[in-house]
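# What shape does this take:
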Amino acid sequence: MLVAVEQYFPEEKRIIKDDLAYQFLPSSMKSIVGQMQLDFVRNWMIQRSCLGKRIRRLCKKKD
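Numbers count the residues shown, from 1 in each chain. Okay, the predicted model is just below:
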C-alpha cells in the first residue's frame, strides 16, 4: 500500500517507482489508495495516521 500511495507523489520525491503496485492491491485497498490522488487527502494522511508515520520515515531515509 505504501508503494502504491507513493506513486501519487511528484516523481522527484519518490523513493520507489513501481507502476504495478496499485494493480496488486485488493479492491478494498484500491479505494483508499485512489483517494490519495488528492493532495489534501494525502497530506492529511501523512500528518495524522500510522500510514503517515511510515511515509515520514521513508522520506527521512531519502533526504
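# Val5: neighbour count?
23 (other C-beta atoms under 10 Å). Heads up, the C-betas are built off the backbone N, CA and C, glycines and all.
# how many neighbours does the residue nearest to it when sequence neighbours are not counted have?
Setting aside the residues directly before and after it, Val5 is nearest to Met36 in space (C-beta to C-beta, 6 or more residues apart in numbering), at 4.8 Å. By other C-beta under 10 Å, the residues close to Met36 number 21.
# per-residue confidence for Met36?
Per-residue pLDDT puts Met36 at 82.
# and it, what is it in contact with?
Applying C-beta atoms under 8 Å, 6 or more residues apart in numbering, we find Met36 in contact with 5, 8, 42, 45.
# Show me the two of those that sit farthest apart.
Tyr8 and Met45 (10.8 Å; C-beta to C-beta).
# so where's the protein uncertain?
Within the chain, the stretches with pLDDT under 70 are 46-63.
# Helices along that one, start to end?
Counting by DSSP state H, the segments of the chain that form helices are 2-6, 27-35, 39-48, 50-62.
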